[in-house]
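Engineer: sequence first, then the predicted structure, then my questions.
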Amino acid sequence: DRKPEGGKTPELETLLAFPCDFPLKIMGLTQPGFAQAVIEVVKRHAPDFDPATVEMRPSRENKYISITTTINATSREQLDDLYKELCDHPMVTLVL
């Protein structure tokens with residue numbers, strides 16, 4: 001158990017016990033291929049992810065779309081890698 005400077009455990013590791021269900025909300029401009037691109041990234045990091053569980057919701061004026069997914073998270077590293085790839089994706093505006 002390595003702890004960072006100051007002896008505090010990182011908050012995410014304190015709050016999560018792996019494996020666990022972990023919800024993600026991914027937002028981007030409404031455009032063709034957005035949902036498929038997001039699903040492909042998520043499946044790379046969570047191969048057991050079921051795309052049928054995806055929920056999509058357009059913004060009030062239909063400019064943006066949010067995709068809500070829940071994955072079976074197995075490690076902090078998996079989540080960090082998934083967040084990084086999603087945040088770096090050119091179609092993705094925000095990941096929560």
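Structural biologist: That came through fine. Here the structure is a predicted model, which means the values were calculated and not measured. Residues are numbered from 1 along each chain as shown.
Engineer: for the closest residue to residue 29 other than its chain neighbours, give me its contacts.
Structural biologist: Spatial nearest neighbour of residue 29, excluding adjacent residues (CB to CB, 6 or more residues apart in numbering): residue 64 at 6.0 Å. Using the backbone N, CA and C atoms, a C-beta is placed for each residue, glycine as well. The neighbours of residue 64, taking CB atoms under 8 Å, 6 or more residues apart in numbering as the test, are 27, 28, 29, 30, 58, 93.
Engineer: distance of the fourth one from residue 74?
Structural biologist: Same thing as residue 30. Counting by CB to CB, to the nearest Å, the gap from residue 30 to residue 74 is 32 Å.
Engineer: and what of the last one?
Structural biologist: Using CB to CB, residue 93 is found at 27 Å from residue 74.
Engineer: pass me the low-pLDDT residue ranges in the protein, would you?
Structural biologist: Along the chain, the model assigns pLDDT under 70 to residues 1-14.
Engineer: could you pull out the helices in it for me?
Structural biologist: According to DSSP state H, the chain carries its helices in the segments 11-15, 34-45, 76-88.
Engineer: and residue 42, how many residues sit next to it?
Structural biologist: Other residues near residue 42 come to 22 when the count uses other CB atoms under 10 Å.
Engineer: give the contact list for it.
Structural biologist: Contacts of residue 42 by CB under 8 Å, 6+ apart are 24, 49, 69, 71, 82, 86.
Engineer: so which of those residues is the most crowded?
Structural biologist: Counting neighbours by other CB under 10 Å, residue 71 comes out on top of the contacts of residue 42 with 23 neighbours.
Engineer: grab the nearest non-local neighbour of that one.
Structural biologist: Setting aside the residues directly before and after it, residue 71 is nearest to residue 46 in space (CB to CB, 6+ apart), at 3.9 Å.
Engineer: that'll do, ta.
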